[in-house]
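Asks: let me see the structure of the following:
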Amino acid sequence: MTALLDRLSAIVGDAHVLSGDAIGRYALDWADRPQGRPLAALRPGSTGEVASILRLANETGTPVVPMSGNTGLTGGTAAEGALVVSLERMRAIREIRPQSRVAVVEAGAILSSIHEAADAHDLIFPLFFGARGSAMIGGALSTNAGGSNVLRYGNTRDLCLGIEAVLPTGRVVNLMSQLHKDNSGYNLKHLLIGAEGTLGIITAATLRLFPKPRAYATATVAARDLPAALALLNRLQEETSRAVEAFEYMPAAHIDAYLALHPDVRPPFDERHAINILVELGATAPRDATPDAGGTLPIAARLEEALAEAFEAGEILDAVVAQSDSQRQEMWARREASAEVCKHNEPLVHNDVAVPIDSMPELLDTIGASLARHDPGARDLSVAHLGDGNLHFAGALTTDDPAVHDAIYSDVVEAVVALGGSFSAEHGIGLEKRASMARFKDPAALDAMRAIKDALDPNGILNPGKVLPET
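Replies: Sure, this is the predicted structure:
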């Protein structure tokens, strides 16, 4: 062990090899819960240092677990007996190219820093979620993260033109293309994106940027039911040429829990409503973002007209349109507090799933029935990116009984699969969902995944035990 640490120190420097009591947060998950003790935590400062670490690890058969912002929710950075490779020092934003609408960044760049760099050029990198102040782009790429703007811009995979990565053997693959079209063989970029650090460590990326909306129109809507909410979504998409940036579902129980944590915050409506929707439109064309003679934004007028039609049709029960940026941020704060709400309402059974959009009502009905059957006092704190069918299931239970947790979790996964959905939408597999992989993933697909893993990581050193179930 001492000899190995000495060799690692020669690569990254003594100050960047942490062991013993210095390991600290590298042994914890996002909620500061222990998740296994690493041999050491390493903080390389360059792609070359990452490559040297992996060559040494491959030579000595030492397991390696990549870590970015450590905001994952499925145990993907658990590193018992392994070397943690943290990319926190590799956070440079190398270049913003406004004409090409491209950003070249290192994998340790924090999402909010990329947002700020793009904003300086009136551009956006449209990957937004609650942990953006600490999440790093390398981790987002490794899990193919989603967030609240997938509806308009797509997942992280859709926002990436190229990557640089180090394979488990220490070889560097330079795929840092800025091309929108490249049919030169297998798409290794897409293979490494979403692989959760099991096939390589992403060290840099070329990201797509988009025009910054000139104006937003944001509202919180109380819908009669979910089919009515989806009818509103479709109407808005048609009438605004698909300008809907977000369409987020929050149940009454989530709103109640948020208000309990923040008693000084006003509720979204005077009355309590079962189904609350946050809808946001983004206008990039001047004609939609230039106020008229009365000071009204055309994009906001379109939203208000659509909401008025929905109200007259009985599809919505109430609506509040943000009249200022502070009101917009107040609306977003309710939705982005989901992790905080869940953390303060344990014991919790949770999952991240996706179903066809029109199947969401049936899934929520199934969840409600399962909670009532197994724990009548449970509350459904689930929130959803309703526009793309992604539900963050969260059941706040009254018991720690593992049998109850397992039964509810199983009910949800089985319902999702029966509806043609996925047991993992945007958080990845990690350790937590390997049982679901074994049970529900196509056997031929699993065999192909194992063959790829064996080919690229013959000694099985990189993030071992994650994603793929045991044979």
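
Asks: ok, residues contacting stretch 234-248?
Replies: 126, 148-149, 151-152, 213, 216, 229, 233, 277-283, 288, 299, 302-303, 306, 309-310, 335, 383-387 (CB atoms under 8 Å, 6 or more residues apart in numbering). Just so you know, the C-beta spots here come from the backbone N, C-alpha and C atoms, and that holds for glycine as well.

Asks: what about it, how long is it end to end?
Replies: 14 Å (CA to CA, to the nearest Å).

Asks: so residue 446, which state does it fall into?
Replies: Here residue 446 is helix, with the state taken from DSSP: H, G, I helix; E, B strand; the rest coil.

Asks: if I look at it, how far off is residue 456?
Replies: 16 Å (CB to CB, to the nearest Å).

Asks: who has more neighbours out of those two?
Replies: Between residue 446 and residue 456, counting by other CB atoms under 10 Å, residue 456 is the more crowded of the two (19 against 15).

Asks: OK, contacts around that one?
Replies: By CB under 8 Å, 6+ apart, the neighbours of residue 456 are 167-169, 199-200.

Asks: show me which of those is closest to residue 117.
Replies: residue 200 (25.3 Å; CB to CB).

Asks: which element is the closest residue to residue 315 other than its chain neighbours on?
Replies: Residue nearest to residue 315 in three dimensions, not counting chain neighbours: residue 228, with 3.8 Å by CB to CB, 6 or more residues apart in numbering. Assigning secondary structure by DSSP states H and E places residue 228 in helix 226-239.

Asks: the helix or strand following that helix pairs with which strands?
Replies: Note on helix 226-239: by DSSP H and E, the next helix or strand toward the C-terminus is strand 244-251. Within its sheet, strand 244-251 is paired with strand 275-283 (antiparallel), strand 383-385 (antiparallel), according to DSSP bridges.

Asks: next, the angle strand 244-251 makes with the helix or strand following the shortest one.
Replies: It stands for strand 383-385. Later in the chain than strand 383-385, the nearest helix or strand by DSSP H and E is strand 390-396. Comparing the axes of strand 390-396 and strand 244-251 via axes from the mean of the first three to the mean of the last three CA atoms, to 10 degrees yields an angle of 20 degrees.

Asks: okay, buried residues for strand 390-396 please.
Replies: 390-396 (16 or more other CB atoms under 10 Å).

Asks: before we move on, what about stretch 110-121?
Replies: 110-111, 113-115, 117-118.

Asks: kindly report the same for stretch 433-448.
Replies: 433-437, 441.

Asks: for these, which one is nearest residue 355?
Replies: Nearest to residue 355 among the buried residues of stretch 433-448, with distances taken as CB to CB, is residue 436, at 14.5 Å.

Asks: distance of that closest one from residue 364?
Replies: For residue 436, the distance to residue 364 - CB to CB - is 20 Å.

Asks: in contact with the residue most central in space within the chain, which residues?
Replies: Centroid-nearest residue in the chain: residue 145, 3.7 Å away (criterion: CA atoms, centre = their mean). Counting by CB under 8 Å, 6+ apart, residue 145 touches 127, 129, 135, 139, 155-156, 426.

Asks: highest neighbour count among those residues?
Replies: Busiest of these [other CB under 10 Å] is residue 139, holding 29 neighbours.

Asks: residues touching that one, list them.
Replies: By CB under 8 Å, 6+ apart, the neighbours of residue 139 are 67-72, 145.

Asks: look up the pLDDT of it for me, please.
Replies: At residue 139, the pLDDT value in this model is 96.

Asks: and it, what are its phi and psi?
Replies: phi -70, psi -40 (degrees, to the nearest 10).

Asks: can you check the one 4 residues further on too?
Replies: As for residue 143, its main-chain torsions (degrees, to the nearest 10) stand at phi -110, psi 0.

Asks: quick one: residues contacting the closest residue to it other than its chain neighbours.
Replies: Closest residue in space to residue 143, ignoring its immediate chain neighbours: residue 428 at 4.1 Å, by CB to CB, 6+ apart. Going by CB under 8 Å, 6+ apart, residue 428 touches 72, 74, 76, 142-144, 194, 196, 467.

Asks: likewise for residue 436?
Replies: Per CB under 8 Å, 6+ apart, neighbours of residue 436: 413, 423-424, 429.

Asks: also residue 196?
Replies: 76, 142-143, 428-430, 463, 466-467 are the contacts of residue 196 under CB under 8 Å, 6+ apart.

Asks: can you select the buried ones from those in ChimeraX?
Replies: With 16+ other CB under 10 Å as the criterion, this ChimeraX line picks the buried residues out of the contacts of residue 196:
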select :76,142,143,428,429,430,463,466,467
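
Asks: between the contacts of residue 196, which is nearest residue 61?
Replies: Using CB to CB, the contacts of residue 196 come closest to residue 61 at residue 463, 14.7 Å.

Asks: looking at this protein, which residue lies furthest from center?
Replies: Outermost in the chain, CA atoms, centre = their mean: residue 293 at 41.0 Å.

Asks: distance of that one relative to residue 266?
Replies: Taking CB to CB, one finds residue 293 at 32 Å from residue 266.

Asks: which residues of the chain score low on pLDDT?
Replies: Within the chain, no stretch falls below the threshold (pLDDT under 70).

Asks: how about stretch 456-470: buried residues?
Replies: In stretch 456-470, counting by 16+ other CB under 10 Å, buried: 456-457, 459, 461-469.

Asks: repeat that for stretch 9-20.
Replies: Quick answer for stretch 9-20 (16+ other CB under 10 Å): 11-12, 16-19.

Asks: okay, and which of those residues map to helices?
Replies: 11-12 (DSSP state H).
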